[in-house]
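Engineer: Got a sequence here, can you model it:
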Amino acid sequence: SFSNNVPLTASLTLLLLIYFDVTVNAYLSSSRLSSSPSYINSLNQQWRRRKSTSSFTSCNLVPISEFSSDLSFLSTPESYRACIDENGNLQSDSSNNKEDPYVLCLAEEDDLPDISQLTIDAFDALAIVLGGDLSGIEKALLEPPVGMWNAYTGAVAYAEVLQGIRSRMKDRLNKPSILPPPVTDVSASDATKIAGNSSLFLAIARPKAGGQKGIDVVATVELRLQPTDAKIPFSQPWVDAVERKIAKATGFDARTVDKTLQPYLCNLCVSEQMRGRKLGKALVRCVEKITTETWGYSKLYLHVDLDNVAALNLYRSEGFKDVGFRWNPFWAGDAAEIGYFVKSYNSENR
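Structural biologist: Numbering: from 1, shown residues only. This is a model prediction of the structure:
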């Protein structure tokens, strides 16, 4: 969701190293190390428990209420849940009681196309918008090529986002779980590989009306484990590994706050028509509960564009503070100006 202005030399170097590194990293990101037997057993147990009790069969979304034994978010006071009721439903505005309610859910594979489209709609910076002061002739000349460009970039971005999400949550596909990635008893390199396949996606959504395939999703957020070096992650985790190798090879001294991977909140999206109803606040608070209660960590990190006043105010109001440094190798460009924030919790956790 952020753009980097990368000098040509650095770009060519990055592409060259990616070309030689892609096979190894792609293999490693999908290797058997990504799922320990005990973790798979835990996922299977949670999956069987949820399948035996689930009544939400109209689409693949898994209501967060089905994980109440592992998460207390729905039992917190109404003021803390913001816009979510005790059953996990979005509080109704009574505008159309005939429609299914929006539900706070854990996303599954079949939900990802609609989640990807919302991500593109919320973050897309490639689309060209023509100014309103153009003459009729100028519009006639510019609208066709601009329309073709927007369609092309939109399709490419959608494919990249969808593939990236599928890759990052590979270990959770078909077995929804809010359990933490199993990184405590493995090496640092193996922990990074495991974390790269274990993202958790929450969504506020409902089945599409009229029996249409897919979901009507109005808000999403991703929770994953990341190094605390302030680097903005790419869609594919193996590309981050390549960039870190380049940074080390070029002498960039990357600072880190913690020695181990830490929870990282990203891709918080709210559809334009639902903004102002505290959906973002509810998702952030639910992620915080998962971070501290279910995953057992004491910090949560995120990036925020300091020019995005609404997002910045949300995170500051929730207690996030600027870490105080940035990932700024010479090719970082404007990305070096993106804020890197953290919120600390109970020190008894990791």
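Engineer: and stretch 111-118, how far from the chain's centre?
Structural biologist: Chain-centre distance of stretch 111-118: 12 Å, with CA atoms, centre = their mean, to the nearest Å.
Engineer: Show me where the stretch 251-350 of the chain has its helices.
Structural biologist: For the stretch 251-350 of the chain, the helices defined by DSSP state H, counting those that start in this stretch cover 279-289, 309-317.
Engineer: typed the wrong thing, it's the chain
Structural biologist: With DSSP state H applied, the chain shows helices at 8-29, 37-53, 78-81, 112-123, 136-168, 188-195, 237-249, 279-289, 309-317, listed in chain order.
Engineer: What is the shortest one packed up against?
Structural biologist: Counting contacts by 3 or more CB pairs under 8 Å, 6 or more residues apart in numbering; DSSP states H and E, helix 78-81 is packed against helix 279-289. Using the backbone N, CA and C atoms, a C-beta is placed for each residue, glycine as well.
Engineer: what angle sits between the helix it packs on and helix 309-317?
Structural biologist: 40 degrees (axes from the mean of the first three to the mean of the last three CA atoms, to 10 degrees).
Engineer: Now do helix 279-289: which elements does it pack against?
Structural biologist: helix 78-81, strand 103-106, strand 200-207, strand 215-226, strand 262-270, helix 309-317.
Engineer: nearest to residue 290, of the ones you listed?
Structural biologist: Residue 290 lies closest to strand 215-226 among these, at 6.2 Å (CB to CB).
Engineer: Pull up the pairing partners for the closest one, direction included.
Structural biologist: strand 200-207 (antiparallel), strand 262-270 (antiparallel) (DSSP bridges).
Engineer: Report the buried residues of the last one.
Structural biologist: Going back to what we said before, that points to strand 262-270. With burial defined by 16 or more other CB atoms under 10 Å, the residues of strand 262-270 counted as buried are 262, 263, 264, 265, 266, 267, 268, 269, 270.
Engineer: Skipping its backbone neighbours, what lies nearest the fifth one in space?
Structural biologist: If I follow you right, that is residue 266. Among residues not flanking residue 266 along the chain, residue 222 sits closest, at 5.1 Å (CB to CB, 6 or more residues apart in numbering).
Engineer: isn't that neighbour right up against residue 172?
Structural biologist: No - Residue 222 is beyond contact range of residue 172, at 11.4 Å (criterion: CB atoms under 8 Å).
Engineer: any common contacting residues for these two?
Structural biologist: Jointly contacting residue 222 and residue 172 under the rule CB atoms under 8 Å, 6 or more residues apart in numbering are 199, 200.
Engineer: Kindly state the beta-bridge partners for the residue sitting nearest the centre point of the chain.
Structural biologist: In the chain, the residue lying closest to the centroid (CA atoms, centre = their mean) is residue 222, at 2.8 Å. Beta bridges link residue 222 to residue 201, residue 266 when assigned by DSSP bridges.
Engineer: Can you pull the poorly scored residue ranges out of the stretch 51-200 of the chain?
Structural biologist: Across the stretch 51-200 of the chain, the ranges flagged by pLDDT under 70 are 51-59, 93-97, 124-156.
Engineer: can we see that at 50?
Structural biologist: Scanning the stretch 51-200 of the chain for pLDDT under 50 picks out 51-59, 126-131, 146, 149, 152.
Engineer: Just give the nearest non-adjacent residue to residue 100, would you?
Structural biologist: residue 206 (4.5 Å).
Engineer: got the contact list for that neighbour?
Structural biologist: Applying CB under 8 Å, 6+ apart, the residues contacting residue 206 are 99, 100, 101, 102, 103, 215, 216.
Engineer: Top of those residues by number of neighbours, please.
Structural biologist: residue 215 (27 neighbours; other CB atoms under 10 Å).
Engineer: neighbours around the spatially closest residue to that residue that is not a sequence neighbour, how many?
Structural biologist: Using CB to CB, 6+ apart and skipping residues adjacent in sequence, the residue nearest residue 215 is residue 205, 4.5 Å away. When neighbours are counted by other CB under 10 Å, residue 205 registers 26.
Engineer: From residue 214, how far out is residue 205?
Structural biologist: When distance is defined by CB to CB, to the nearest Å, residue 205 is 10 Å away from residue 214.
Engineer: ditto for residue 222
Structural biologist: Look at residue 222 and residue 214: by CB to CB, they are 19 Å apart.
Engineer: ditto for residue 165
Structural biologist: 15 Å.
Engineer: Looking at those two, which one has more neighbours?
Structural biologist: Shown here are residue 165 and residue 214; by other CB under 10 Å, residue 165 has more neighbours (24 against 15).
Engineer: give me every residue that touches that one.
Structural biologist: 112, 115, 116, 119, 199, 201, 222, 235.
Engineer: Distance to residue 253 added to these, as CSV?
Structural biologist: CSV is the format used below for those (distance: CB to CB, whole Å):
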residue, distance to residue 253
112, 37
115, 37
116, 36
119, 33
199, 28
201, 34
222, 29
235, 26
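Engineer: Just the buried residues from those residues, in PyMOL please.
Structural biologist: Selection of buried members from the contacts of residue 165 for PyMOL, criterion 16+ other CB under 10 Å:
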select buried, resi 112+115+116+119+199+201+222+235
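Engineer: Alright, I will stop here.
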